[in-house]
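>>> Just a sequence and a predicted model for now, questions to come.
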Amino acid sequence: MPAPRLRRVSEKREMENLIDDSIKQGYEIVTQRPASALLRKKTWGSGGGHFLWFLLTFWFTFGIGNAIYAAIAHFTAKQVMLKMSAAEA
């Protein structure tokens, strides 16, 4: 899994606004603490990717290939870590 991108914020209100904006852009909250939050892009893979996996693996795995592709896409999705500066925490 790739390391999350780190964004530092200076105050709680800025962090709340970034969380709200990220949710509107398709992220979900994985963990949230008073001074930090980890967000992950909501995805289960693209339609084209599922179609390709369907064509390549359906006859051999009866759709398990699509489920594996969806799980890999979900758990390796982009992540963003928001951290408040130490002075505000």
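Happy to help now that I have it.

>>> where in the protein is pLDDT low?
The model of the chain has pLDDT under 70 over residues 1, 86-89.

>>> Can you tell me how far the spatially closest residue to Arg5 that is not a sequence neighbour is from Leu56?
Residue nearest to Arg5 in three dimensions, not counting chain neighbours: Val80, with 5.1 Å by C-beta to C-beta, 6 or more residues apart in numbering. Where C-beta positions appear, they are placed from N, C-alpha and C, glycine not excepted. Plainly put, Val80 is 32 Å away from Leu56 if you go by C-beta to C-beta, to the nearest Å.

>>> Of those two, give the one with the bigger neighbour count.
Shown here are Val80 and Leu56; by other C-beta atoms under 10 Å, Val80 has more neighbours (18 against 12).

>>> would that one count as being in a strand?
Yes - counting by DSSP: H, G, I helix; E, B strand; the rest coil, Val80 is located in a strand.

>>> and it, how far is that from Leu55?
Here the criterion is C-beta to C-beta. By it, Val80 lies 33 Å from Leu55.

>>> Return the residues in contact with the residue nearest to Arg5.
Applying C-beta atoms under 8 Å, 6 or more residues apart in numbering, we find Val80 in contact with 4-7, 22, 27, 38-40.

>>> Now a ChimeraX select for only the buried ones of the residues you listed.
Buried members of those, defined by 16 or more other C-beta atoms under 10 Å, are picked up in ChimeraX with:
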select :22,27,38,39,40
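
>>> Okay, and which of the contacts of Val80 map to strands?
Counted as lying in strands by DSSP state E, out of these, are 5-7, 27, 38-40.

>>> Which one of those is nearest to Leu18?
Taking C-beta to C-beta as the measure, Leu18 sits nearest to Arg7 out of these, at 6.8 Å.

>>> mind checking how far the lengthiest helix in the chain is from the chain centre?
Ordering each helix of the chain by length in residues (DSSP state H) puts helix 47-61 first. Distance of helix 47-61 from its chain centroid, counting by C-alpha atoms, centre = their mean, to the nearest Å, is 23 Å.

>>> I'm done for today, thanks for sticking with me.
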